[in-house]
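Engineer: Based on what follows, work out the 3D shape:
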Amino acid sequence: MSQEQKKKTDRPPATLAKARSIGVVGFVEARAFEINSLQRTLDDARNSGNARAFQTLPRHLRRRAASHNVKRIPARLRARALEEMKKSAASSSSSAKLTNHKAACRYKRRRTRSVREEYELRQSGKRWLETHVWHAKRMHMQHLWGTMIATTPNERSHRAAYRAAKERCYAHDVSYFTTLEIAGHEQQVLGCLVALTAPGALTPALRCYSSGARMAPLTLYRAGRYPCGVLGPASALWKPQTDLGTQRVLWLRVHPSLAADVFAELEAAASRAIAASSASAGNDSGLIGLQVQDVSCDLVSFELLGTSSTPLLAAILSQTASDCASSRTLQAIASANSPAVIPEGAVMALRIHDPRLSFPIKFDAASFSSPDPSLLDPVLSAWPEDAASLQPGDSGVFDRERCASDLERRHSEHQLNQRRREQLVPGTKLEPGPNDVTVPLLLVRTGPEAGLGSRIAGFDRQFVDSMAHGWTLIGPRGWGMALWMSLVFAGARAQGMQERLHLSLEAGQPAFPRDWPGSPAYDETASAAAADALAYWQRRPPGKRTNYAHHGIESPFFAPFHQLLGMPGAPASYPQLGPAGLECRMRRLRKIGGKSSPANADADADADATQPQDPVDSADIWLVSGEQMANAVQKLLLSVPSAQEPALEQWALPLAELAGSSSSSDDLAVLFRRCLVRVRLVCNARGVPDNNSPVCLTTLPTEPIGYVTAGSFSLARGCGMAIAACSLCGLFALWRATAGSSRKHVLIRSMNGSPACEATLSLSSY
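Structural biologist: Next up, the predicted model:
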């Protein structure tokens, strides 16, 4: 056969050549009816057999006995299984009861119709923050002070929180703080605050505070009890005055643990101020009564600490609704290397567009790395007072009625998603429209002074400078999640309350109420922690739990400051142990112990420890606080003794003069013996101090002069450190033992019998 004939025989027919160029899409569209008919025929042929729906499942999904619950079958077979169950029930009356509708259980009958209703029911007896659901998925939640608070993340975050505060920024929801609004005549409001603060302390009457440009740090006391009866720290902020009237509004932000005490003291002080004003000005003075109300539920607040907190906030709040002094100030300080360079307490009022329109914000730290001296230096040299005000007639976040109206008019997430679908370029940010509402905000520069209630005297800037400085963002209710998500997506690391307390320990500054012995909030917190620790200790077998009596620890579950100061006993809120429990062994230990402490030699040491004693009031304790007091104690510790060693009353006389006490020598002796001074302890060798550990002199390692209120390992210093409270008598004994030395060394005893560690004592931040 020739080659041409072979080519002709190998050539495919013309029909096959045409079939190779068939259009699949067009062919299927043209034959859709035939294909669907064939598919239905095949399905009917497969289902027409004797196999039931559950028998057609793969073997790994089959059950040995078929369930009457149709939801145990895949969704694609449920309709067929339901029809088969109906036919089976119709043919057999005995199995009809299996297919009838089963009454719902009580749980399903009583459950809510929506998630919102369920959340409202679950909030009975406690308050949820607006970010509660977000935090509950990622952190441990705890019921504290009537609010569910995020304590610590589920993941390991101890070192990550330290790095975030040191290198970038960390965020914490502090909406659980209490904000009390005091409205009335300016002099009456100032009269209330003067009655609750120390004489000569910084008052909100100063020009920098009364204009609303700064937030004033305060330390509150019970009226008429100074220097004893401390309540805790607070921050006062005036509403900027928009008219020439005499009526003013002041916000007082306090910790929720002391809100009830402060509210009661304010009401009593307001009554006295009104009575005094009416008596001096007469009935025709035109003065109205003071109004004190809690506005915490109308506000949300977030705390941001760290080096990058300022540029991160500037990136999020860049879309301001109006060009005012505060927006220009924010742009000027956006490139600041650290928030510590900005005056503490500075306030900025902003009105921004809906943060959901520009979500998420891409924060680039490199764009803020080079500060502009021409913009930054004028702001740092003189903070502009008009930065705390908005446009004339706009009260911002102080106007709660307008904030509530804007909250009702804001667009829902569904409406915003519809607008995003209509965008020509997917993923672009939404532009603010005329119907979009704006959000008023307050930016407050926060730092150590806000937590201490006074100016600082001994802040450890060598290790932690920017970690203790940052901002507090205050906004109206309803915008918590929108602001929080913007902060988190911009790079702020979310942290809980435990990480916040640890960072304050790293900075060497006391935290409230942990390090404020003598305050009612400290007694409440310490007694609850002691009850939990005692219950945990009693649950363990005797052979497994720590034998504190053997190690010489008299009070392992709480710090016995009342015993240290020579007071009869602890308050009634602390756990009172029975005679057959731990207290019996502690009494035997005290009998065997030997001589009394030289630091408290003149105290009431002859009282029989075995006799029941009445509980005491912690308001009798004098907790040294304030910049002037701290400087005075520092000078006393560094002073050189004269030829004749002075007594305690002569040595501590400068403190009594600063406290304004003109009592007799006997009253001063009692006052000095009930005085506590907060100190910072840094270990010189290995060892980590435990909470409630006794602090002793190196010459008398068994006689405590104070107790540790917070101790841990310091990542900044690479060793253990602690915040402790020592008696003034104990510091006097330390001064006599180390006279002429600039370094004061003490011993911190271990709670589990380990060797005591030596530490260097210095005054804590005040």
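Engineer: Buried residues of the helix ranked longest in the chain, list them for me.
Structural biologist: The longest helix of the chain (DSSP state H) is helix 259-281. By neighbour count on 16 or more other Cβ atoms under 10 Å, the buried set for helix 259-281 is 259, 261-263, 265-266, 269-270, 273-274, 277. Placement of C-beta: from N, CA and C, glycine included.
Engineer: now these in a markdown table, with distance to L747 and pLDDT?
Structural biologist: Shown next, in a markdown table, are the buried residues of helix 259-281 (distance: Cβ to Cβ, whole Å; pLDDT from 0 to 100):
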| residue | distance to L747 | pLDDT |
| --- | --- | --- |
| A259 | 39 | 91 |
| D261 | 36 | 91 |
| V262 | 38 | 91 |
| F263 | 43 | 91 |
| E265 | 40 | 90 |
| L266 | 43 | 88 |
| A269 | 44 | 83 |
| A270 | 49 | 80 |
| A273 | 49 | 71 |
| I274 | 54 | 72 |
| S277 | 55 | 66 |
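Engineer: on contacts alone, who are the packing partners of the helix or strand in which M721 is found?
Structural biologist: In the assignment (DSSP states H and E), M721 maps to strand 719-727. On a contact count with 3 or more Cβ pairs under 8 Å, 6 or more residues apart in numbering; DSSP states H and E, strand 719-727 meets strand 675-683, strand 704-714, strand 757-763.
Engineer: C-terminal to it, what's the next element?
Structural biologist: Next along the chain after strand 719-727, taking DSSP H and E as the criterion, comes helix 728-737.
Engineer: average pLDDT for that next one?
Structural biologist: Mean pLDDT, helix 728-737: 85.
Engineer: What are the contacting residues of that helix?
Structural biologist: Helix 728-737 is contacted by residues 564, 598-600, 603, 624, 633, 636-637, 639, 641, 645, 648, 651-652, 655, 672-673, 675-677, 695, 697-699, 704-706, 726, 744, 746, 761 when judged by Cβ atoms under 8 Å, 6 or more residues apart in numbering.
Engineer: rewinding a little: by how many degrees do the strand holding M721 and strand 757-763 diverge?
Structural biologist: Interaxial angle, strand 719-727 versus strand 757-763 (axes from the mean of the first three to the mean of the last three Cα atoms, to 10 degrees): 60 degrees.
Engineer: Among the contacts of helix 728-737, which lie within strands?
Structural biologist: Among the contacts of helix 728-737, the members falling in strands are 675-677, 695, 697, 704-706, 726, 744, 746, 761 (criterion: DSSP state E).
Engineer: ok, the residues you listed vs E413, which is closest?
Structural biologist: L676 (52.3 Å; Cβ to Cβ).
Engineer: Show me what the closest one is bridged to.
Structural biologist: Taking DSSP bridges, one finds L623, S727 as the beta-bridge partners of L676.
Engineer: these two touch, right, it and G518?
Structural biologist: Yes: using Cβ atoms under 8 Å, L676 is in contact with G518, at 6.3 Å.
Engineer: residues shared between the contacts of those two?
Structural biologist: With contacts taken as Cβ under 8 Å, 6+ apart, L676 and G518 have 561, 621-623 as neighbours in common.
Engineer: Can I take it that A150 is in a strand?
Structural biologist: Yes: counting by DSSP: H, G, I helix; E, B strand; the rest coil, A150 falls inside a strand.
Engineer: Surely it and R500 touch.
Structural biologist: No: using Cβ under 8 Å, A150 is not in contact with R500; the gap is 10.1 Å.
Engineer: When the two are compared, which one has more neighbours?
Structural biologist: A side-by-side neighbour count of A150 and R500, using other Cβ atoms under 10 Å, places A150 first with 25 against 20.
Engineer: Which residues does that one form beta bridges with?
Structural biologist: Beta-bridge pairing of A150, defined through DSSP bridges, involves M141.
Engineer: ok, it - contacts?
Structural biologist: With contact taken as Cβ under 8 Å, 6+ apart, A150 is in contact with 135-136, 139-141, 173, 496-497.
Engineer: ok, 7 Å please
Structural biologist: Counting by Cβ atoms under 7 Å, 6 or more residues apart in numbering, A150 makes contact with 135, 139, 141, 173, 496-497.
Engineer: Including secondary structure, pLDDT and distance to K544, could those residues go into a markdown table?
Structural biologist: Formatted as a markdown table, the contacts of A150 follow (DSSP: H, G, I helix; E, B strand; the rest coil; pLDDT from 0 to 100; distance: Cβ to Cβ, whole Å):
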| residue | secondary structure | pLDDT | distance to K544 |
| --- | --- | --- | --- |
| H135 | helix | 93 | 35 |
| M139 | strand | 91 | 31 |
| M141 | strand | 93 | 30 |
| D173 | strand | 94 | 39 |
| G496 | coil | 92 | 30 |
| M497 | helix | 92 | 30 |
